[in-house]
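Participant: Kindly return the folded structure for what I paste below:
(one chain, ligands or ions: 1)
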Amino acid sequence: MSGTSSGLTPPADAVAPVRHPDAPAPGEPLGAHYGQCFGCGGEQPHGLRLEARAGDGVSVTAEFTVRPAHQGAPGLAHGGVLATALDETLGSLNWLLRTIAVTGRLETDFVRPVPVGTVLYLDAEVTAVAGRKIYSRATGRIGGPEGPVAVRAEALFIEVKVDHFTEHGRPQEIRAAMDDPDQLRRVRAFEVNP
Ligand SMILES: CCCCCCCC(=O)SCCNC(=O)CCNC(=O)[C@H](O)C(C)(C)COP(=O)(O)OP(=O)(O)OC[C@H]1O[C@@H](n2cnc3c(N)ncnc32)[C@H](O)[C@@H]1OP(=O)(O)O
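Facilitator: Take a look at the predicted model:
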């Protein structure tokens, strides 16, 4: 059983998260935020291709099928890949808040081994917001959405300006994302509020 480190405990003045009025309706697929994203993009041959859907409030559900390229030990998912699935699911919550934010801290419990071929059923929710700090948690189950817990995580995302990406990202990818003629794809590459 895990404990939660202090960096993941919301402060006393934290408030409940507020779903953005333009957030996708519950059940609506969120789609990939960026084609080249290792977590959700369709243009990464070995990426996770995680598919997330909006839930109620500030929550999402997602699925990810473990493929042979995701192995750590023979026939088993790599722990870092499972952490990526949790991180991506948690990151997709920001689209419901319409806040640009990046992972500052991600604490993961690996509870059960996850074989290749398994569908990991994830759910995640924002639990609190304090200024730029967004607190969230996620669970991944196997055998079905109500199956046994295989992984879980708590996270702290930090709100950033779009400059976080434009200043630090490699210029050729930034330029390509900004030059995308599709306006929605352009804003979603950085999860900017359109
Ligand atoms: C477009 C969406 C994509 C989503 C993809 C999935 C999510 C991801 O994987 S994002 C990629 C991985 N993450 C990153 O690369 C982030 C790298 N880190 C950074 O850029 C910076 O450290 C960053 C932006 C997180 C914080 O830096 P900065 O903006 O200077 O914030 P800073 O002023 O230090 O801290 C703000 C608050 O957060 C807290 N904080 C920051 N980092 C942490 C941390 N790791 N643990 C605990 N608390 C933290 C600080 O203590 C501070 O709290 P308070 O306001 O109470 O004093």
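Participant: per-residue confidence for the residue nearest to residue 93 when sequence neighbours are not counted?
Facilitator: Nearest in space to residue 93, with sequence neighbours left out and distances taken as Cβ to Cβ, 6 or more residues apart in numbering, is residue 126 at 5.2 Å. Yep, even glycine has a C-beta here, placed from its N, CA and C like the rest. On pLDDT, residue 126 comes in at 98.
Participant: And for residue 155?
Facilitator: Looking at residue 155, the pLDDT reads 98.
Participant: my guess is residue 26 meets residue 58, correct?
Facilitator: No - between residue 26 and residue 58 there is no contact under Cβ atoms under 8 Å: 11.1 Å.
Participant: Mind checking which of those two has more residues around it?
Facilitator: The neighbour comparison of residue 26 against residue 58 (other Cβ atoms under 10 Å) goes to residue 58, with 23 against 15.
Participant: show me the contacts for that one.
Facilitator: 17-19, 23, 93, 96-97, 125-126 (Cβ atoms under 8 Å, 6 or more residues apart in numbering).
Participant: just to revisit the earlier point, bridging residues for the residue nearest to residue 93?
Facilitator: Residue 126 has these beta-bridge partners by DSSP bridges: residue 136.
Participant: isn't it right next to residue 101, touching?
Facilitator: No - using Cβ under 8 Å, residue 126 makes no contact with residue 101, being 10.0 Å away.
Participant: Mind listing the shared neighbours of those two?
Facilitator: Looking at what touches both residue 126 and residue 101 (by Cβ under 8 Å, 6+ apart), the common residues are residue 134.
Participant: Looking only at neighbour counts, state which of those two leads.
Facilitator: Each of residue 126 and residue 101 has its neighbours counted (other Cβ under 10 Å); residue 126 has more, 25 against 21.
Participant: Okay, buried residues for the lengthiest helix in the chain please.
Facilitator: Using DSSP state H, we find that the single longest helix of the chain is helix 79-92. For helix 79-92, a neighbour-count test (16 or more other Cβ atoms under 10 Å) marks 81-92 as buried.
Participant: Going by distance to residue 108, which of the residues you listed wins?
Facilitator: Comparing the buried residues of helix 79-92 against residue 108 with Cβ to Cβ places residue 83 closest, at 5.0 Å.
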